[in-house]
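Undergrad: missing the sequence, but the structure's below:
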């Protein structure tokens, strides 16, 4: 037990600062749609095939090397275009540019996203956040074990009674056990999105992925956006067209079917450079793929409405408090 306590303290003192950054940036991203502050963000989105066609043509004309467009939806009434050089733009329902940028530092939602996912360090930073998530899972489990010995002294406090080492430890222990289940969900869901093998182990008990029925042989004009969007609507009735992506000569239309939790969906129509169309999409069956796609919306507050966003906010703030006081108490209040 003493070894477990030592590991818990030293790991917290080492990784606590990263968890503070992840907690603060995560809370900001949960409420991103509310503070984005671009004209037209609260407008009702027009997502008809003709309106989306107008948006794509406008985005292509605006700048070279368009890589994707994320279309407007319930959360934000603007379309977001991204280009290969890191620039981007917001377009309204009429296809007009209402905001543009040449790099991520010009838009807070972009650099906060990069901070939370990559720590401004690319794939290395992504790996570090994954390790921090694994450490967070360890903190929750080990902290619960260590708390059990002192459960009779439990007192709920958001802040230590005094800024002494013993008071900080006691507050840390008792606040931690309250938010432990939520921290476990947040940490684990974030980790499995980075380390895919861990996610594969978690979903292994579910049936293998059920493939969507293939399309009859279909070919379209890759420049006829109206026809492409109408084909997407016909292929997935009731689905929401969420994104268009360009990569390696392939155009992908990404849709969200009613049973999908991920805000941009996991249903694709892929069009190769000859215009041949293929389907890559989940079904409503509860299989490994459908379970996997729920990790992100749970982690990011994209499901459950404002109620779950508030829960995630309180969880993130608690993580910041726990991490900050653990870091301070260990390094500045040690005997």
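TA: Perfect, I can see it now. Note that this is a predicted model, so its numbers are computed, not measured.
Undergrad: now do the helices in the stretch 1-150 of the chain.
TA: In the stretch 1-150 of the chain, the segments counted as helices under DSSP state H, counting those that start in this stretch are 2-30, 32-35, 49-62, 108-118, 122-148.
Undergrad: closest to residue 328 out of these?
TA: Of all the helices of the stretch 1-150 of the chain, helix 2-30 sits nearest to residue 328, with 8.8 Å by Cβ to Cβ. In short, each C-beta sits where N, CA and C put it, glycine included.
Undergrad: what's the angle from the closest one to helix 122-148?
TA: For helix 2-30 against helix 122-148, the angle by axes from the mean of the first three to the mean of the last three Cα atoms, to 10 degrees is 130 degrees.
Undergrad: and helix 2-30, what does it pack onto?
TA: helix 108-118, helix 122-148, helix 305-332 (3 or more Cβ pairs under 8 Å, 6 or more residues apart in numbering; DSSP states H and E).
Undergrad: out of those helices, which gets the lowest mean score?
TA: Set side by side, these give their lowest mean pLDDT on helix 305-332, at a mean of 87.
Undergrad: buried set for that helix?
TA: Neighbour-count burial for helix 305-332 flags 308-309, 311-313, 315-316, 318-330 (criterion: 16 or more other Cβ atoms under 10 Å).
Undergrad: just the pLDDT for the closest residue to residue 115 other than its chain neighbours.
TA: Nearest non-adjacent residue to residue 115, counting by Cβ to Cβ, 6 or more residues apart in numbering: residue 25, 5.0 Å away. Residue 25 carries a pLDDT value of 96.
Undergrad: the one 4 residues further on too?
TA: Note for residue 29: predicted pLDDT of 96.
Undergrad: as JSON lines, the helices of the stretch 1-150 of the chain with distance to residue 160 would be great.
TA: Shown next, in JSON lines, are the helices of the stretch 1-150 of the chain (distance: least, Cβ to Cβ, whole Å):
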{"stretch": "helix 2-30", "distance to residue 160": "15"}
{"stretch": "helix 32-35", "distance to residue 160": "31"}
{"stretch": "helix 49-62", "distance to residue 160": "52"}
{"stretch": "helix 108-118", "distance to residue 160": "27"}
{"stretch": "helix 122-148", "distance to residue 160": "16"}
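Undergrad: nearest to residue 211, out of those helices?
TA: Of all those, helix 49-62 sits nearest to residue 211, with 26.8 Å by Cβ to Cβ.
Undergrad: list the helices and strands that closest one packs on?
TA: By 3+ Cβ pairs under 8 Å, 6+ apart, helix 49-62 packs against strand 66-70, strand 79-83, strand 88-91, strand 97-101, helix 225-235.
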